[in-house]
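Participant: Next come a sequence and a model predicted from it.
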Amino acid sequence: MKERVLALVDCNNFYVSCERAFHAAIQHTPVIVLSNNDGCVVARSNEAKKLGIKMGQPVFECEQLIREHKVQVFSSNYSLYADISARVMSVLSQFTSRLETYSIDEAFLDLTGLSLEDRVEFGHEIKARVWQYTGIPVSVGIASTKTLCKIACEVVKQEPQYGGVLDLLRFSEADIDVLLAKVELRDVWGIGPKYTRFLENYGFRNAKDLKYADERWIRKYLTVVGERTVLELRGICCLALEIARPTKKGIMCAKSFGRDITSPDELQEAVASYTARAAEKLREQDTLASQITVFVHTNAFHKDEPQYSNSFTIRLRHPTSFTPALIRYALAALRAIYRKGYSYKKAGVLLNHISAGDSVQPDLFGEFSIPEHEQQARLMAIVDAINQIYGRNTLFFAAQGLSRPWKMQQHRLSARFTTRWDEILTIENG
Amino acid sequence: MYPKVLPLLKGIISCGFPSPADDYAERRLDLDELVVAHPEATFYVRVTGDSMNRAAIYDGDILVVDRAQTPAHNNIVVAILNGAFTVKRLYLKGDTVYLLPANPAYKPVRVESGMDFQIWGVVTYCIHRVR
């Protein structure tokens, strides 16, 4: 069998890089991007990392650093990041069709069998083209397994001498082990904080320890995931590329509110809005859902206030993507779990049991009518088309409410430079 | 099942005579095909100011910028110079890079090694509103 060659292309500080591509003044200055509601730091430029700003750190904790070092702060501009991500993936697909979009800023490429004179050079070509076409810097890690690719990418980001591309396949086993010894357990792909503690209790300290774990011990104590990770560290590929993305398992729309909500009306508006958005995603991929879950919870940080969280699931009689029907179910689910006297921080809607849009079946008793289903589909297609042309929520459902006081706070949002004509980059060319 | 894509012309006449134009139906022109060579690398920017007037780029025009084009001598480019975006003509003379305005009221800039300079993309088309 031919040796498997995988590459992970990982965008460096992706959200920050997206902002930099459209803000000339912040090319070399510290930049951070905040989570929904401007709560925590979710992306940092290298300069911001050097200042000691941590991933996930609440922004109020770094306010002094931000002021002292003139750190540029942005709200998450997901419209921009999604479009730039699609552009990056499109550039990558020019190199091979065997590509798995793993996340918004990462893709695995299967280079097995490509007769490449020099894989490192190929990696540099990828890096250069993505940068030129999109303005996004990337790192490339090449190895025989996904887990090793991940490690290669982390090493490459920390050690500038590699110039952004690292090919572990050129390394001897001993040299790979030197690298692995420097990788902490929690930084190994698939090893969460809980697993890390578990392994540490057994004396494991780093990725190399895990690689050479005793076979019998592995069988006895590790889960399938853990065992797979060990094999992957040994260069045995257990995780193939998921090239044809299976239809999404579930669609979720959940957000924290801009402020805590006590009014049932506002909660209903929020849930209706999230349902409408989830239904839109459902139709975007041409699918139907036959199960809906609504959940709410209070603000766990407000320890002095009474806490409550709950969820409710409704199994629909027929799969649908019709927004009014889904809102009706969602509000019924919300009524089932709403309790008075709490301040709610977050609500969410999860659509499940997703099936292809053309897989509806008429039932024996004629409760479900195909013409009605088609009529609904046409109506939704028109609503979606209008919202696509004139902007999201041009047409919306009354249940979603008008003023939306509960909406996310995003005070430092940059323009949607690539998806709105009235927000494109303006260059003062005096 | 309802069809996902409706044919534009063919077969929409359900009774009477078929249109004699049926067999000649073609896709309508799309401006994207003309101006967007590399969709993933194409960005639009608006310019204000008059420094490129003699290159027919006027205040308020929208430029099509193709980052996939390799910048060459005499191209009009979007560049980052000392922390600001600018649109100028790229002029290469030996190892020296100049950014030239297209308006005598402005001075050319010689790019020095200490400057923060980056070519952002090559301008390929200019969309000018006529009325």
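Facilitator: Looks like it came in fine. Residues are numbered from 1 along each chain as shown, chains lettered A, B, ... in the order given.
Participant: can you tell me which residues contact the nearest residue to residue A:153 once chain neighbours are set aside?
Facilitator: Leaving aside its sequence neighbours, residue A:153 sits nearest to residue A:141 (C-beta to C-beta, 6 or more residues apart in numbering or on different chains; 3.7 Å). Just so you know, the C-beta spots here come from the backbone N, C-alpha and C atoms, and that holds for glycine as well. Counting by C-beta atoms under 8 Å, 6 or more residues apart in numbering or on different chains, residue A:141 touches A:7-8, A:10, A:148-156, A:166, A:168.
Participant: Confirm residue A:141 sits in a strand?
Facilitator: Yes: applying DSSP: H, G, I helix; E, B strand; the rest coil, one finds residue A:141 inside a strand.
Participant: beta partners for it?
Facilitator: Going by DSSP bridges, residue A:141 is paired in beta bridges with residue A:8, residue A:166.
Participant: Also residue B:65?
Facilitator: residue B:43, residue B:123.
Participant: helix/strand/coil for residue A:87?
Facilitator: Criterion first, three-state DSSP; result for residue A:87: helix.
Participant: And residue A:200, by the same measure?
Facilitator: helix.
Participant: Need phi/psi at residue A:281.
Facilitator: Note on residue A:281: backbone dihedrals following degrees, to the nearest 10 are phi -60, psi -40.
Participant: Ignoring the adjacent residues along the chain, who's closest to the closest residue to chain B within the stretch 101-250 of chain A?
Facilitator: In the stretch 101-250 of chain A, the residue that lies nearest chain B is residue A:133 (3.8 Å; C-beta to the nearest C-beta). Closest residue to residue A:133 apart from its sequence neighbours, by C-beta to C-beta, 6+ apart: residue B:41 at 3.8 Å.
Participant: cool, residue A:75 as well?
Facilitator: Per C-beta to C-beta, 6+ apart, closest to residue A:75 is residue A:410, 3.7 Å.
Participant: pretty sure that neighbour contacts residue A:76?
Facilitator: Yes: assessed by C-beta atoms under 8 Å, residue A:410 is found in contact with residue A:76 at 7.3 Å.
Participant: Output the contacting helices and strands for the helix or strand of chain B with the lowest mean pLDDT.
Facilitator: Every helix and strand of chain B was ranked by mean pLDDT, DSSP states H and E. The lowest is helix B:31-35, at a mean of 93. Using 3 or more C-beta pairs under 8 Å, 6 or more residues apart in numbering or on different chains; DSSP states H and E as the contact test, no helix or strand touches helix B:31-35.
Participant: Any chance you could list what contacts it?
Facilitator: Outside helix B:31-35, the residues that reach it (C-beta under 8 Å, 6+ apart) are B:39, B:64, B:124-125.
Participant: Could you rerun that using 7 Å?
Facilitator: With C-beta atoms under 7 Å, 6 or more residues apart in numbering or on different chains as the test, helix B:31-35 has contacts from B:64, B:124-125.
Participant: Let's see it as PDB, backbone CA atoms only.
Facilitator: The C-alpha trace of helix B:31-35 is given here as PDB (Å, rounded to 0.1, in the frame of the first residue of the first chain):
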ATOM      1  CA  LEU B  31     -21.500  40.900 -16.100                       C
ATOM      2  CA  ASP B  32     -19.700  38.600 -13.700                       C
ATOM      3  CA  GLU B  33     -18.400  36.600 -16.600                       C
ATOM      4  CA  LEU B  34     -16.800  39.600 -18.100                       C
ATOM      5  CA  VAL B  35     -15.200  41.200 -15.100                       C
END
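Participant: for whichever residue of the stretch 151-300 of chain A sits closest to chain B, what are its contacts?
Facilitator: Closest residue of the stretch 151-300 of chain A to chain B, C-beta to the nearest C-beta: residue A:286 (8.0 Å). Contacts for residue A:286 (C-beta under 7 Å, 6+ apart) come out as A:356-357.
Participant: For it, give its distance to residue A:381.
Facilitator: From residue A:286 across to residue A:381, the span is 11 Å (C-beta to C-beta, to the nearest Å).
Participant: Equivalent analysis for residue A:57, please.
Facilitator: 44 Å.
Participant: okay, the two: which has more neighbours?
Facilitator: Neighbours were counted for residue A:57 and for residue A:381 using other C-beta atoms under 10 Å in any protein chain shown; residue A:57 has more, 16 against 13.
Participant: any chance you could read off phi and psi for the more buried one?
Facilitator: phi -70, psi 140.
Participant: That one against residue A:43, yeah?
Facilitator: No: between residue A:57 and residue A:43 there is no contact under C-beta atoms under 7 Å: 11.8 Å.
Participant: Residue B:111: how many residues sit nearby?
Facilitator: 17.
Participant: Return the backbone torsion pair for it.
Facilitator: phi -80, psi 120.
Participant: ok, for it, nearest residue in space, not its chain neighbours?
Facilitator: residue B:97 (4.2 Å).
Participant: Wait, a helix at that neighbour?
Facilitator: No: using three-state DSSP, the assignment for residue B:97 is strand, not a helix.
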